[in-house]
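**Student:** no sequence for this one, just the structure:
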């Protein structure tokens, strides 16, 4: 067995050995989820978990983030050593949990997207790499990020300098997201991995009146109902199927009283796109439809199309390299190259616009729970197998060690 093979197997074994510790942290976080940019209890738990490590730790100003820098001590470390960034998001969702977990949340919020695993797994990577800092030919930045779920915490942390936290710009960035798919299987792809996230808000303005006398009012509700159908037809009939758009109208608002015709009615929709071209099309045509349908009903339309997160694009070279490395670490049968992008969105996209890197999907499906009691990400009854935390910590550590070695020891 080569030294490299020994080191690789050692990381996996050590990750498994620290599994109980990581599961305890994950379950602590899961039982007390916080949402948005302000996560004081989550931040305190992370700081406590890192307290005994020799790290340069800073906390955010605009958000309760944690940034920790580990200085490598490889004997061949160059004076101007490079840095690699590893990221885990920490926030939950405003979803009331409906699982049977003994550590289920009861505060009305839920880690329904697995960010509790992301946080615990990144703590595991910090502990593993700290124990093997002599193998690091550079530095590692650990990015513990609040506010991924619609608050763009990544951009807040970028503005506060996370990409340069080691004293120079990170040369590569990696992150992991869990999904309820085959346990321990990593999936990713070079290029576009995830959709961009956008919101559409439309308010149709008419003239209110009594529900018994619609002829004296200008009812905005029929116009709004027609617009919902027209938007769905636009997606299916006017959009290139090879550059798809996913739109879901998720909010409808009108009168609060059953016998009142409201003066206005509105809808909200989430819109996912895979290219700048499709983004321009859906933004332009949504407004055209709203204006035209409103005018046909003697109403007016107020349209607000908001671009939240850009498309998540994995660097081709970094991702091809990561796929090879993870195939060596885990075995080729546990690394899947996706044929197509997936439609959820991610604010790690902002990091990947600044630093080449790769985002990875890690399967964490539970096999001990009936299928009808399991949901997908963002479901109130989604559950994850947190026995993957050791693997998560090991694969992040492996990528950091080998990427720094590739940058410095082979140049």
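**Tutor:** Looks like it arrived, so ask away. Note that the structure is predicted; figures quoted are calculated from it, not measured.
**Student:** and the residue nearest the centre of the chain, what's its pLDDT?
**Tutor:** Closest residue to the average C-alpha location of the chain: residue 346 at 3.9 Å, with C-alpha atoms, centre = their mean. Listed pLDDT for residue 346 reads 95.
**Student:** list the contacts of the closest residue to residue 147 other than its chain neighbours.
**Tutor:** Spatially, and ignoring its direct neighbours in sequence, residue 147 is nearest to residue 153 (2.8 Å; C-beta to C-beta, 6 or more residues apart in numbering). The C-beta positions use only the backbone N, C-alpha and C, and glycine is treated the same way. By C-beta atoms under 8 Å, 6 or more residues apart in numbering, residue 153 lies in contact with 37, 63, 65, 89, 91, 145-147, 347.
**Student:** who wins for neighbours among those residues?
**Tutor:** Using other C-beta atoms under 10 Å as the neighbour test, the contacts of residue 153 are led by residue 145, with 32 neighbours.
**Student:** for that one, name its beta-bridge partners.
**Tutor:** With DSSP bridges as the criterion, the beta-bridge partners of residue 145 are residue 89.
**Student:** correct me, but it touches residue 89?
**Tutor:** Yes: counting by C-beta atoms under 8 Å, residue 89 is a contact partner of residue 145 at 4.8 Å.
**Student:** where does the stretch 1-150 of the chain dip in pLDDT?
**Tutor:** 1-9 (pLDDT under 70).
**Student:** need the contact list for the residue nearest to the centre of the chain.
**Tutor:** Residues near residue 346 by C-beta under 8 Å, 6+ apart: 148, 177, 194, 309, 312, 359.
**Student:** let me see the contact set for the residue lying closest to the first one once chain neighbours are set aside.
**Tutor:** Yep, that's residue 148 we're talking about. Nearest residue to residue 148, sequence neighbours excluded (C-beta to C-beta, 6+ apart): residue 89, at 3.9 Å. By C-beta under 8 Å, 6+ apart, the contact list for residue 89 reads 115, 118-119, 145-146, 148, 153, 348.
**Student:** domains of the chain?
**Tutor:** Structurally, the chain divides into domains by automatic domain parsing as follows: 3-192+312-408, 196-309.
**Student:** helices along this structure, start to end?
**Tutor:** Taking DSSP state H to define them, one finds helices in the chain at 3-17, 19-31, 40-50, 115-131, 153-159, 220-237, 276-296, 316-330, 348-354, 389-408.
**Student:** buried residues in the fifth one?
**Tutor:** Right, helix 153-159. For helix 153-159, burial by neighbour count (16 or more other C-beta atoms under 10 Å) applies to 153-158.
**Student:** mean confidence for it?
**Tutor:** 98.
**Student:** do the same with stretch 247-261
**Tutor:** Computed over stretch 247-261, the mean pLDDT rounds to 96.
**Student:** rewinding a little: in JSON lines: the helices of the chain, plus distance to residue 264.
**Tutor:** Below are the helices of the chain laid out as JSON lines (distance: least, C-beta to C-beta, whole Å):
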{"stretch": "helix 3-17", "distance to residue 264": "55"}
{"stretch": "helix 19-31", "distance to residue 264": "41"}
{"stretch": "helix 40-50", "distance to residue 264": "38"}
{"stretch": "helix 115-131", "distance to residue 264": "36"}
{"stretch": "helix 153-159", "distance to residue 264": "32"}
{"stretch": "helix 220-237", "distance to residue 264": "6"}
{"stretch": "helix 276-296", "distance to residue 264": "11"}
{"stretch": "helix 316-330", "distance to residue 264": "47"}
{"stretch": "helix 348-354", "distance to residue 264": "34"}
{"stretch": "helix 389-408", "distance to residue 264": "48"}
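**Student:** among those, which is nearest residue 267?
**Tutor:** Nearest of the helices of the chain to residue 267, taken as C-beta to C-beta: helix 220-237 at 6.0 Å.
**Student:** and the angle from the closest one to helix 276-296?
**Tutor:** Calculated by axes from the mean of the first three to the mean of the last three C-alpha atoms, to 10 degrees, helix 220-237 forms an angle of 150 degrees with helix 276-296.
**Student:** packing partners of helix 220-237?
**Tutor:** Contacts defined by 3 or more C-beta pairs under 8 Å, 6 or more residues apart in numbering; DSSP states H and E place helix 220-237 against strand 196-205, strand 245-253, strand 264-273, helix 276-296.
**Student:** report how many residues lie close to residue 42.
**Tutor:** As a measure of burial, residue 42 has 25 neighbours, counting by other C-beta under 10 Å.
**Student:** oops, could you answer that again for residue 116 instead?
**Tutor:** Residue 116 has 32 nearby residues by other C-beta under 10 Å.
**Student:** with residue 409 instead?
**Tutor:** Residue 409 has 14 neighbours, counted by other C-beta under 10 Å.
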